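Asker: after the sequence you'll find the predicted model.
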Amino acid sequence: LPWAIKIYASCSTYITLEGVFQAIYRSLRTNVTRLEIDSISENEQRQATSVYEHRYRRRGCRRAYDEERHGGMKRVDFLMGRSRFLGISNS
């Protein structure tokens, strides 16, 4: 899914790389909605579910495992291991 990630200057008139990376991280850690899940094919839903399960199962400690598992599917799971940065644009 193509999500637009809006980035705002935190303290000045310009954005920083740190701000860009934080915004991308926060956006991809956002829980997906039922509408987003329903917008992809059944095969893609299975793939995203598999990625989600792999993400929480690889946690080293029980507490982190439980937090990730109970936190639900995130946008990062929809990447299904694929990612490509297409750049920054003014909007």
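Answerer: Structure received.

Asker: do you have the helices of the protein handy? List them.
Answerer: 17-28, 34-38, 42-57, 62-71, 75-78 (DSSP state H).

Asker: kindly reformat the ones you listed as JSON lines containing mean neighbour count and mean pLDDT.
Answerer: Bear in mind the C-beta positions are built from the backbone N, C-alpha and C, glycine included. Formatted as JSON lines, these follow (neighbours: other C-beta atoms under 10 Å; pLDDT from 0 to 100):
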{"stretch": "helix 17-28", "mean neighbour count": "13", "mean pLDDT": "91"}
{"stretch": "helix 34-38", "mean neighbour count": "10", "mean pLDDT": "93"}
{"stretch": "helix 42-57", "mean neighbour count": "14", "mean pLDDT": "94"}
{"stretch": "helix 62-71", "mean neighbour count": "12", "mean pLDDT": "91"}
{"stretch": "helix 75-78", "mean neighbour count": "20", "mean pLDDT": "93"}
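
Asker: reformat these into JSON lines and put distance to residue 4 next to each item.
Answerer: Shown next, in JSON lines, are those (distance: least, C-beta to C-beta, whole Å):
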{"stretch": "helix 17-28", "distance to residue 4": "9"}
{"stretch": "helix 34-38", "distance to residue 4": "14"}
{"stretch": "helix 42-57", "distance to residue 4": "20"}
{"stretch": "helix 62-71", "distance to residue 4": "23"}
{"stretch": "helix 75-78", "distance to residue 4": "12"}
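
Asker: to residue 8, which of these lies closest?
Answerer: Closest to residue 8 of these, according to C-beta to C-beta: helix 17-28, at 7.8 Å.

Asker: fine by me, thanks again.
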